[in-house]
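Asker: just a sequence and a predicted model for now, questions to come.
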Amino acid sequence: MGGPAKALTLIKGFAELGMEVVIIGTQTGKKEDYEQISYSVRDGTVIVDDANPLELAELLVKQKADLMVAGVKERFIAYKLGIAFCDFNHDRVVEFEGFDGFVNFAREVDASISSPVWKAVRQRVLIPEAMESEKKSGRIEKAAVEERISRENYAKECKGMLLKPELLHQKSEAAVESQV
Amino acid sequence: MTKRNYATVNPCVMCQPMGSALAFKGIENTMVLYHGSQGCSTYMRLLLAHHFREPVDIASSSLSEKGAVYGGKENLKKGLRNVINRYNPKVIGVATTCLAETIGDDVPAIIREFKEEEGIGDDLEKDIIIIPVSTPSYGESHVSGYIKALDAVVRKFAEKPREESSLKVPNERLNVIPVESLSPADVRELKEIFEVMAGDYIFLPDISETFDAPLREDIPRIAPGGTTLSEIADMPNSQASLGLGIVSKNLAVKYLEESHDVPGYSVPIPVGLSNTDSFFTELVKILGCPIPVKYLKERGRLLDAMVDVHKYLYGVKAAVYGDPDFVFSLTTFMLELGMNPVLIATGSKSRDFEAKVRQIVEKINPEIEPVVLNGIDFDTLNDAVSQCNPEILIGNSNGRYIAKSRNIPLVRVGLPIHDRVGAQRILTVGYRGAMELLDRITNVILEATDTFTAPVQAEPAAYTGKKSEEECMEGMR
């Protein structure tokens, strides 16, 4: 995202780094700019004009992007999706211009993509192994519901639930009855 | 690095009696007495008072030359009598020091004799309980002193039932025993988690009140709080024990498992994402209840925070030092954040430390090759820091001279922290602790690099900003 000149430069830059552009867009581009952009990207690349946050989020997921290059407003859209982000806006203090600048850029791209936090982010919710099989049978959801209703000591309520399925069964039947 | 094996210069550990005091002070109505010369008690009190900013009373049998030559029996008895008269404690922990161990006083025998003379019986409920623990300072470190004292306490209260079969009354409680002293804030956080997850638990030792006491109208002689004695006595009946720490051996958990069939589980001290994950996973396995929504939300917030700061921390070279298990957990967290822990050191002589650390490095980031040191002093650490060139130090206050001389920042965690306030409130465990630690580390790095928007340093010489400014000024003149 940014102006058309930046977009064109970055297409070349990423090609030199061995990366592939899957979405490209500008906020201020004109028709001719987009024509030029369309000549320099490969088929299948999505070209967007002045996209809004919702469109961007959707596209990032659809195109399976690993990295987004834009300004600070877009940073947290990418982060929430678990996608790396590189700031290429005017409030940067590290230069990306020239040979040295390109090294800086490559370094920042590396830091953005290679950080192990993305590995951690892939597992967004912690579901301990012991409970995975239980989740399928819907027992965990029940536990959460019960907790909300009773507001009693959570563990006391849930304690032994997973260990003694027959006990739980009785409980859930009782709950159904009372609802009726 | 110069090799010196003839002396220790500025040790990176404290002594075993110090560790035993940290353990005993987490037990209800307990007084500590060091059997040895008075300096032992004085300096440990000084150190602990600096760190926790609380009164720390430790009695001493105050051996002089005479005691050293003829044995310390009379002094110890007199000391015990004084402590009972003055403090009226329910438990007295008697830790030996170098002197007492060197002259070879048989402390358990002296205590037996003392109890006979004073008519103190063996009833755990009615009588004063005196727990001896052998902690010569020339052996190992404060970490082992802590572990040994907890082991001695559990053994005293949970002595092998004579008729092994009948006495066990199983309950649903969970024992929790750390291998290293955690801050009062950490203990509070863990207790909160157990409160919600387990309901019924026994945390030994609980220093959350005794070493971080509210100001009150009366001034009790022994700070209220700590693990109650009935709880400790109930530990053999619990459904399981959870040891916090995997590098050092948790003797108390092992004892309960071997002698009382309480299954023992050990997880790393829950500092950082994956360590806290395995902590909760283990709890789920033991207790059979799901993780509360509150903590899942905290976990999500931690992930969000980790993503937010990942560029500031990526590849930042760090040196970390302190107690073995805490350093292990800190290292895991740093690796998860994408930092580069170039130097990982502990002052304690720990057999498994290097293997465990290498294992976790191999698992998370096999590309880096950190220097891992074991049983070091600060002089060796200084040499290692010169060699590894870290951009940030993480450890206790004693590393401040190294940080200062190299002009790199120091993030203070562990014990002792005597040159800053708030050591008792530093939270590092759980998802919330990880978040706080993460903020502190990141802000220290931002402060040092003094840039707001530049996440990655263009050059590794990250801290030369000041110098170049001066040069500029000179150039202008």
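Answerer: Good, I have the coordinates.

Asker: tell me the confidence at the closest residue to B:Ile360 other than its chain neighbours?
Answerer: Ranked by CB to CB, 6 or more residues apart in numbering or on different chains and with sequence neighbours excluded, the top spatial neighbour of B:Ile360 is B:Thr332, at 5.3 Å. Placement of C-beta: from N, CA and C, glycine included. pLDDT, B:Thr332: 96.

Asker: I'd like the distance from the strand or helix carrying B:Thr332 to the chain centre, please.
Answerer: Using DSSP states H and E, B:Thr332 maps to helix B:324-336. With CA atoms, centre = their mean, to the nearest Å as the basis, helix B:324-336 stands 14 Å off its chain's centre.

Asker: elements contacting that helix?
Answerer: Judged by 3 or more CB pairs under 8 Å, 6 or more residues apart in numbering or on different chains; DSSP states H and E, helix B:324-336 is in contact with helix B:273-287, strand B:317-322, strand B:340-346, helix B:353-364, helix B:430-449.

Asker: surely B:Met18 meets B:Ala149?
Answerer: No: using CB atoms under 8 Å, B:Met18 is not in contact with B:Ala149, being 10.4 Å away.

Asker: more neighbours: those two, which one.
Answerer: More crowded of B:Met18 and B:Ala149, by other CB atoms under 10 Å in any protein chain shown: B:Ala149, with 30 against 27.

Asker: quick one, grab the pLDDT at the more buried one.
Answerer: 96.

Asker: and what of B:Gly199?
Answerer: 78.

Asker: quick revisit: any chance of the helices and strands packed on helix B:324-336 in TSV, with mean neighbour count and mean pLDDT too?
Answerer: What follows is the helices and strands packed on helix B:324-336, written out as TSV (neighbours: other CB atoms under 10 Å in any protein chain shown; pLDDT from 0 to 100):
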stretch	mean neighbour count	mean pLDDT
helix B:273-287	21	93
strand B:317-322	26	96
strand B:340-346	25	96
helix B:353-364	17	95
helix B:430-449	19	93
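
Asker: now for the closest residue to A:Gly25 other than its chain neighbours, how many residues are close by?
Answerer: Spatial nearest neighbour of A:Gly25, chain neighbours left out: A:Val48 (3.6 Å); criterion: CB to CB, 6+ apart. Neighbourhood size, A:Val48 [other CB under 10 Å]: 17.

Asker: got it, and A:Val72?
Answerer: A:Val72 has 12 nearby residues by other CB under 10 Å.

Asker: contact partners for the residue most central in space within chain A?
Answerer: Geometric centre of chain A, nearest residue: A:Leu81, 1.4 Å, by CA atoms, centre = their mean. With contact set as CB atoms under 8 Å, 6 or more residues apart in numbering or on different chains, A:Leu81 has these partners: A:57, A:60-61.

Asker: wait, the residue nearest to B:Ile360 touches B:Val361, no?
Answerer: No: counting by CB under 8 Å, B:Thr332 does not reach B:Val361; the two are 9.2 Å apart.

Asker: picking that back up, residues of the helix holding B:Thr332 that come out buried?
Answerer: B:324-336 (16 or more other CB atoms under 10 Å in any protein chain shown).

Asker: repeat for stretch B:75-85
Answerer: B:75-77, B:79-80, B:83-84.

Asker: TSV for these, including pLDDT, distance to A:Cys86 and secondary structure?
Answerer: Output for the buried residues of stretch B:75-85, formatted as TSV (pLDDT from 0 to 100; distance: CB to CB, whole Å; DSSP: H, G, I helix; E, B strand; the rest coil):
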residue	pLDDT	distance to A:Cys86	secondary structure
B:Asn75	94	70	helix
B:Leu76	96	68	helix
B:Lys77	96	73	helix
B:Gly79	95	67	helix
B:Leu80	96	68	helix
B:Val83	96	65	helix
B:Ile84	95	69	helix
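
Asker: and those, which two are the farthest apart?
Answerer: In the buried residues of stretch B:75-85, two members sit farther apart than any others by CB to CB. They are B:Asn75 and B:Ile84, at 15.0 Å.

Asker: who's in contact with the residue nearest to the spatial centre of chain B?
Answerer: Geometric centre of chain B, nearest residue: B:Ser181, 2.5 Å, by CA atoms, centre = their mean. Neighbouring residues of B:Ser181 by CB under 8 Å, 6+ apart: B:19, B:22-23, B:146, B:207, B:415.

Asker: restricted to helices, list these.
Answerer: B:19, B:22-23, B:146 (DSSP state H).

Asker: so B:Thr276 makes contact with B:Val429?
Answerer: Yes: the criterion here is CB under 8 Å, and B:Thr276 meets it with B:Val429 at 7.5 Å.

Asker: quick check: neighbours shared by the two?
Answerer: B:Pro270.

Asker: who does the helix or strand hosting B:Lys294 touch, helix- and strand-wise?
Answerer: Using DSSP H and E, B:Lys294 falls within helix B:293-313. Packing contacts for helix B:293-313, counted by 3+ CB pairs under 8 Å, 6+ apart, involve helix A:72-81, helix A:98-114, helix A:117-122, helix B:184-197, helix B:273-287, helix B:430-449.
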